[in-house]
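# Sharing a sequence plus its predicted fold:
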Amino acid sequence: MKKIKISELKAGMTLNNSIQCDFSYKTLLPKGTKLTRLHLEKLKNINPEGYCFIIEPEDLKGISLETLDKVNNEGVKRAFLDSYITGKSIYQNLACGNPINIKFAYETVDLLTEQLLSHCSLMLQLAAVKVIDEYSFSHMVNVAIYASSFARSLNYSPNAIKDICLAGILHDIGKAKIPQDILQKPGKLTEEEFEIIKRHPKLGYDELNKIQELKEHVRQAVLQHHERANGSGYPLGLKGKEISLYSQVISIADFYDALTSDRCYRGRVLPHEAAEILMGSSSLNDFDIELVRLFLKNITLYPIGTEVVLNTGQRARVVHIPVDFPLRPTLQIMEPDGLDQWIPAGRLELLKETTVFITSIISCS
Ligand SMILES: [Fe+2]
């Protein structure tokens with residue numbers, strides 16, 4: 001996968017690879033096309049940002065386009081996929097020994113934060129449904145979304161939100177320098193292997209140090225994202241206020257997304273279980289408990305439209321989320337109509353039904 005400027009393409013050039021540019025994953029200009037002025041105009045019209053992607057078929061694996069298509073907002077979809085493709089391209093380039101293209105990262109952060117500021121709940125919904133299968137790349141986008149949305153709820157300035165978004169995209173970039181067989185080992189890591197993994201914040205920081213224009217607090221957020229308030233984190237074992245606020249925001253988002261994602265060594269946990277684990281870790285002083293409370297209040301644990309199964313065996317859809325009790329949504333109970341369809345059959349307020357709880361998520365819309 002390669003991100004290219006449309007201005008680098010000239011009429012008369014023959015494409016060595018197909019060009020994908022509308023994010024619908026239908027090839028617009030197939031390999032072998034001789035470019036004309038009309039082609040270039042079309043590319044510019046579809047891509048007002050002025051760039052497009054050359055994509056190989058394997059780049060598309062792992063994206064649930066069906067789920068993504070349910071999001072009824074082109075700008076949100078575009079920003080989400082742009083950050084995925086850009087993040088993946090930066091990561092893969094670095095793994096091959098190429099420098100980080102920070103300009104592309106800035107561009108995608110601009111797009112992502114613009115959409116996030118106007119369509120925050122849709123963005124959170126996309127992060128929650130795990131549209132992308134590949135954990136590493138899904139995680140960098142999701143952390144950027146969770147962290148910048150959290151920063152927005154803390155009333156950070158637009159520039160600070162952009163910095164946090166950038167740190168979210170880049171927070172695990174150091175993993176590009178860690179052997180894949182260790183990163184994707186399905187079983188328990190040996191002590192030695194874990195020590196190698198623990199190098200990734202510093203490796204990422206060192207790479208970002210090569211980019212002069214990057215702000216130091218973005219680098220620090222990457223370096224410190226595995227530090228813990230009680231000093232049990234790594235690489236420096238910092239404590240409490242020694243850890244930057246940006247980094248604390250990233251580390252809470254990182255921890256939450258890791259818990260709610262499938263990993264090669266364990267399955268995901270449900271949002272309310274992740275919330276409990278996060279609160280439990282805060283009581284051990286891993287994280288600032290007040291920040292964790294604010295984070296959980298801000299994110300959409302069960303987005304509206306999520307289809308769930310209850311401990312009663314019933315199937316239901318989330319229709320309302322009480323402001324202070326995001327773990328106890330109001331549900332629309334669904335019943336089979338005998339013709340392979342599910343039809344609405346009454347409402348249930350989990351806030352009032354204390355013995356009923358969600359046991360699994362079927363899908364999110
Ligand atoms: Fe990390």
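Good, I have the coordinates. Numbers count the residues shown, from 1 in each chain.
# all contacts plus neighbour counts: C-alpha atoms, from now on.
Fine.
# so who does residue 126 touch?
residue 68 (Cα atoms under 8 Å, 6 or more residues apart in numbering).
# Tell me the secondary structure at it.
Under DSSP: H, G, I helix; E, B strand; the rest coil, residue 126 falls in the helix class.
# Over to the one 10 residues further on?
The three-state assignment at residue 136 reads helix, by three-state DSSP.
# Could you report the neighbour count for it?
Residue 136: 20 surrounding residues under other Cα atoms under 10 Å.
# Next SSE downstream of the least confident helix or strand in the chain by mean pLDDT?
The helix or strand of the chain with the lowest confidence, counting by mean pLDDT, DSSP states H and E, is helix 65-69 at a mean of 70. Later in the chain than helix 65-69, the nearest helix or strand by DSSP states H and E is helix 74-95.
# same for that next one, what does it pack against?
Other helices and strands packing on helix 74-95, by 3 or more Cα pairs under 8 Å, 6 or more residues apart in numbering; DSSP states H and E, are strand 2-5, helix 102-118, helix 120-129, helix 135-153, helix 158-170.
# of those, which approaches residue 210 most closely?
Taking Cα to Cα, helix 102-118 is the member of those nearest to residue 210, at 10.6 Å.
# how big is the angle separating that closest one from helix 158-170?
Counting by axes from the mean of the first three to the mean of the last three Cα atoms, to 10 degrees, helix 102-118 lies at 120 degrees to helix 158-170.
# List the buried residues in helix 102-118.
Neighbour-count burial for helix 102-118 flags 102, 104-105, 108-116 (criterion: 16 or more other Cα atoms under 10 Å).
# would TSV of the helices and strands packed on helix 74-95 with distance to residue 280 be doable?
Below are these laid out as TSV (distance: least, Cα to Cα, whole Å):
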stretch	distance to residue 280
strand 2-5	42
helix 102-118	29
helix 120-129	21
helix 135-153	20
helix 158-170	23
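# out of the ones you listed, which comes closest to residue 314?
helix 120-129 (21.0 Å).
# next one: the closest one to chain centre, how far?
9 Å (Cα atoms, centre = their mean, to the nearest Å).
# That helix - what's its average pLDDT?
Averaging pLDDT along helix 120-129 yields 82.
# can you check stretch 170-182 too?
The pLDDT scores in stretch 170-182 average 94.
# what separates that stretch from the chain centre, distance-wise?
So, by Cα atoms, centre = their mean, the centroid of stretch 170-182 is 16 Å from its chain's centroid.
# Stretch 271-287 now?
That offset, for stretch 271-287, works out to 20 Å (Cα atoms, centre = their mean).
# Could you do stretch 127-136 as well?
7 Å.
# for the buried residues of helix 102-118, which one is nearest residue 161?
residue 113 (7.3 Å).
# What's the separation between that closest one and residue 79?
Using Cα to Cα, to the nearest Å, one gets 9 Å for the distance from residue 113 to residue 79.
# if we can go back for a sec, compare the helices and strands packed on helix 74-95 and give me the one nearest residue 68.
Between these, helix 120-129 lies closest to residue 68; by Cα to Cα that is 7.6 Å.
# ok and the closest one relative to helix 74-95, angle-wise?
Using the same axes, to 10 degrees: helix 120-129 against helix 74-95 is 50 degrees.
# Between the buried residues of helix 102-118, which has the least confident prediction?
Among the buried residues of helix 102-118, pLDDT bottoms out at residue 104, giving 85.
# Isn't that one up against residue 84?
No - between residue 104 and residue 84 there is no contact under Cα atoms under 8 Å: 11.8 Å.
# Is residue 261 part of a helix or strand, or is it coil?
Applying three-state DSSP: residue 261 is coil.
# Now do the contacts for it.
130, 135, 267-269.
# Okay, now the unreliable bits of the stretch 251-365 of the chain?
264-265, 363-365 (pLDDT under 70).
# what's the most distant pair in the contacts of residue 261?
135 and 269 (14.5 Å).
# For residue 87, give me its contacts.
Residue 87 is in contact with 105, 137, 140-141, 169-170, counting by Cα under 8 Å, 6+ apart.
# rerun at 7 Å
137, 169 (Cα atoms under 7 Å, 6 or more residues apart in numbering).
# State the distance from the most centrally placed residue in the chain to residue 132.
The centroid of the chain falls nearest to residue 142 when counting by Cα atoms, centre = their mean (1.3 Å). From residue 142 across to residue 132, the span is 10 Å (Cα to Cα).
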